Every structure is written in structure tokens, then in C-alpha cells.
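In: next come a sequence and a model predicted from it.
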Amino acid sequence: MKFDLSHKDSKSSARAGSITTDHGVIQTPIFMPVGTAGSVKAVHQRELKDDIKAQIILGNTYHLYLRPGLDIIGEAGGLHKFNGWDGPILTDSGGYQVYSLSGTRKIKEDGVTFMSHIDGSRHTFTPENVMDIQRRIGADIIMAFDECTPYPCEYTYARESMEMTHRWLDRCCKRFDETESLYGYQQTLFPIVQGSVYPDLRKQSAEAIAAFGREGNAIGGLSVGEPAEKMYEMTSLVCDILPSDKPRYLMGVGTPANILECIALGIDMFDCVMPTRNARNGMLFTTQGIINIRNEKWKNDLNPIDPELGGYVSTFYSRAYLRHLIHSKEILGAQIASIHNLTFYLWLVGQAREHIIAGDFAIWKEKMTKTVSQRL
Ligand SMILES: CCCSCc1cc(N)cc2c(=O)[nH]c(N)nc12
């Protein structure tokens, strides 16, 4: 994997670059649609590529390991072959999903034992087997096995959790470096900074992670319920320590306003379930602001969803029609809203990239932050 920085904003820490993987190039800043169980919910691979212009999508080790399981994914020759997405893929390591999904889980030094949320079967994830699992899934970028420190938590818990994540990272690197990709293309391991909302722990974790010298670095433990100001304070502190010549991935972030602020702080990669999860509930992000399509006020609005955005669904379908579909729980409603929101998120980061290159990012960001946050 190669990261080339092409532009730096003079009035913020925003930067534009490109990440080259064996499955294609990713232009940064980038938003990565979440395809938890091997599909971006309600969206075809062709729509991801042609309409949304997605460049990289995410998968979840936890979900894919439990269902459909590694046998069929391995038999297919990896996730790219299994789901037909031929661009770059990143998989999360599973720790976060165990913490957020599995009812009963036990976190110990060796790893995490948990019960499947699907059938109650018992499993154990360790730094070693999670590396092996992600080798078999075959994502281009794989995440270290960490504990996403819950928020809020006591300082001592945050410190002990962070220290365990560092010890687990050691084991991840050892296992990853002594194994090969199963499918003939390169895979890259990203470590994850923790430390909750404690500046001294965040500094310590960022320094420890940077010292591993991996090809990219992630910031975890944020977008877990903390105030946005805390998210920004921790992101800024960590970005100032992580090496500038490696991509920085802020996990689970966020709203359009969060993304614009964190691009200005020096983040290159984002993911969030918000555009797809909230779409299914009728929350639309548009170039003019946020639309809750379920609201009565859109009942007779025959204007296109978002004529400024371009793209098939946002110009072909009306607000009134989409409101009707969402109210009627028609499957097409989820499809239209999901494609629209993801097109918006990719448009937003694409616009940010263009303005970083043009040199007027800071001004554009201030104006766009107000626009994208207003409720229509
Ligand atoms: C496909 C989903 C990727 S992001 C999930 C996620 C989201 C958030 N908010 C934090 C973390 C974290 O600290 N660690 C890990 N592994 N994942 C996290």
C-alpha cells in the first residue's frame, strides 16, 4: 500500500492525497460505505461504483465470521470474489462489534469470548485468530484487534484498556508479519489509537501506535457517545502526533459536520453507518440541509430529492414519492434513500478534496458546515 500526499491546506491541517492498493486507488479525504455482512444494505455493487462513486467499502470480521463463515468466503477466493466488489475493501477486526452486539462477552488478556447474536454459539477472538480470519476474508486493509474503550469510563479503566490494546497490537503485528496473504495481493494492517477522552492517555497511545511504524493508523474509541467537542479535541491531539506521511482513519465518524471538522484536523478516511441506517428511517442528507422525509411538509413536494447533487435517484425521484415509499415501508424506499445519502457523503468528501486542492478549503468548510447541518 502506498500513500501520496498531494496538497496541504494553508489554513488548517486538511490534506488531499491518494492511497494505492492492489484493488485500486483511493482519493482522500474519503468516506467508506459500511458493508457489514458483505453488502452495503439495500445497494447493488454496480450502484456503489457507478452512482455513488464509492472507492472503498467496509466489512465486519465479526459478522462475516459468524455468517456466512470463512469456509465459503475462502472457497470463493476471498470477499472480493464472494460479493463481486472489485475495489479496495477494509475490514474491522471484530472487537467493536463484540462490544456492541454480543450479549454476553468476557474480555480477558488472551482475547474475548462471546456468544453469537445469531444462534448463541460461543466463540473466542484473539489477536492471532482475528489476523488469520482477516487474512482469509482478504480485505486490502485490516484492523488490529482492539478494545473500543466504552464512554464514559473511569481513568483507570481507560488506561488499562488502552494498555491491553497495545499488548494485543504487538501480538497482531507478530502474527500478521509471519503470515502471508492467501490470494496473491497485498494486505495492510492498521493499528488503532485508544485512550478514551483523557489527553495524557491519548498522547501516550498515539505515540505508542506511531512507534509501530505501520503503513496507516486509525483512531478508535471516539464517536461512542462523547460530546463532539471532545471528539474534536482528541482527534486534534492525536493527529498532531501520528505521522503526516501515513493515512489517518477516524473510525465510526460521523455526521457531515463531524467529517468536515475532522478533515480540517488532518483525518483522511471516515466510515459511519449513519447515511445508510438513517436513510432507512427517512433521514436524508442533502446539499441544502437535512430532510426528514417522513414529515408531513414533503407530502406534496414533487420536486426531485436533491437536484443539486446529481446522480440518478436524487434527480429522478420526487420527495413526495420517496416519502410515500418510506411510509409504506416499500423496499424501494430504503434503496433510494440509501443510494442518495451515500452519494451525498461521497460528494461531500469529494468537494472537500477539490477545495483543499483549490486552496479555499477553510472558507468553504465554514459555509458548508452551516448548510449541511440545517434542518429543512
Ligand atoms: C465497519 C465498522 C468500522 S468502524 C467500527 C468502530 C467504530 C468506533 N466508533 C470505534 C471503533 C474502535 O474503537 N475500534 C474498532 N475496531 N472499531 C470501531
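Out: That came through fine. Numbers count the residues shown, from 1 in each chain.

In: the closest residue to the ligand within the stretch 251-376 of the chain - how many residues pack around it?
Out: Per CB to the nearest ligand atom, Gly252 is where the stretch 251-376 of the chain lies closest to the ligand, at 2.5 Å. Glycine gets a C-beta too; all of them are placed from N, C-alpha and C. Using other CB atoms under 10 Å, Gly252 has 21 neighbouring residues.

In: contacting residues around it?
Out: Applying CB atoms under 8 Å, 6 or more residues apart in numbering to Gly252 gives the contacts 96, 220, 222-224, 271-272.

In: out of the residues you listed, which are close to the ligand?
Out: 96, 220, 222-224, 271 (CB under 6 Å from any ligand atom).

In: most neighbours of all those residues, which one?
Out: Leu222 (30 neighbours).

In: that one and Tyr232 touch, don't they?
Out: No. Using CB atoms under 8 Å as the test, Leu222 is too far from Tyr232 to be in contact (9.4 Å).

In: would you map the helices across the stretch 101-250 of the chain?
Out: Assigned by DSSP state H, counting those that start in this stretch, the helices in the stretch 101-250 of the chain fall at 127-137, 155-177, 199-211, 228-239.

In: who are the packing partners of the first one?
Out: Using 3 or more CB pairs under 8 Å, 6 or more residues apart in numbering; DSSP states H and E as the contact criterion, the elements in contact with helix 127-137 are helix 61-66, helix 70-76, strand 141-143, helix 155-177.

In: on that earlier part again, possible to save the contacts of Gly252 as TSV with pLDDT?
Out: As requested, the contacts of Gly252 are exported to TSV (pLDDT from 0 to 100):
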residue	pLDDT
Tyr96	92
Gly220	98
Leu222	98
Ser223	97
Val224	96
Asp271	98
Cys272	98
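
In: from these, which land in strands?
Out: Asp271 (DSSP state E).

In: out of the ones next to the ligand among the contacts of Gly252, which is nearest to the ligand?
Out: Closest approach between these and the ligand, by CB to the nearest ligand atom: Gly220, at 2.4 Å.

In: show me what contacts the residue located most distally from the centre of the chain?
Out: Distance from the centre of the chain peaks at Asn300, with 35.4 Å (CA atoms, centre = their mean). By CB under 8 Å, 6+ apart, the contact set of Asn300 is Ala320.

In: thinking again about what came up before, tell me which element the residue of the stretch 251-376 of the chain closest to the ligand is part of?
Out: For Gly252, there is no enclosing helix or strand under DSSP states H and E.

In: okay, it and Val224: tell me how far apart.
Out: Counting by CB to CB, to the nearest Å, the separation of Gly252 from Val224 is 7 Å.

In: Tyr232 contacts Ile263, correct?
Out: No. The pair Tyr232 and Ile263 fails to qualify as a contact (CB under 8 Å) at a distance of 11.6 Å.

In: neighbour count: the two, which is higher?
Out: Ile263 (28 against 16).

In: okay, the helices of the stretch 101-250 of the chain, which one's buried deepest?
Out: helix 127-137 (a mean of 22; mean count of other CB atoms under 10 Å).

In: which non-adjacent residue is nearest the residue nearest the centre of the chain?
Out: Of all residues in the chain, the one closest to the mean position by CA atoms, centre = their mean is Asp271, 1.9 Å from it. Excluding the flanking residues, the one nearest Asp271 by CB to CB, 6 or more residues apart in numbering is Met32, at 4.4 Å.

In: can you give me the buried ones in the longest helix seen in the chain?
Out: For the chain, the helix that runs over the most residues, judged by DSSP state H, is helix 331-358. Neighbour-count burial for helix 331-358 flags 333-353, 355-356 (criterion: 16 or more other CB atoms under 10 Å).

In: again with stretch 45-54
Out: Residues 45, 47-48, 51-52, 54 are the ones in stretch 45-54 that count as buried (16+ other CB under 10 Å).

In: dump those to CSV, plus pLDDT and secondary structure.
Out: Listed next are the buried residues of stretch 45-54 as CSV, based on pLDDT from 0 to 100; DSSP: H, G, I helix; E, B strand; the rest coil:
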residue, pLDDT, secondary structure
Gln45, 98, helix
Glu47, 98, helix
Leu48, 98, helix
Asp51, 98, coil
Ile52, 98, coil
Ala54, 98, coil
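
In: how close does the residue nearest to Thr36 when sequence neighbours are not counted get to Ala54?
Out: Nearest in space to Thr36, with sequence neighbours left out and distances taken as CB to CB, 6+ apart, is Asn60 at 4.8 Å. Taking CB to CB as the measure, Asn60 and Ala54 are separated by 17 Å.

In: go on, Tyr321?
Out: Taken as CB to CB, the span from Tyr321 to Ala54 is 25 Å.

In: got it, and Leu90?
Out: 12 Å.

In: please enumerate the shared neighbours of these two.
Out: The contact sets of Leu90 and Ala54 overlap at Met32 (CB under 8 Å, 6+ apart).

In: could you look up the SS state of the residue farthest from the centre of the chain?
Out: Secondary structure, DSSP: H, G, I helix; E, B strand; the rest coil: Asn300 is coil.

In: which two of the ones next to the ligand among the contacts of Gly252 have the greatest separation?
Out: Spatial extent of the ones next to the ligand among the contacts of Gly252 (CB to CB) is set by the pair Val224 and Asp271 at 14.0 Å.
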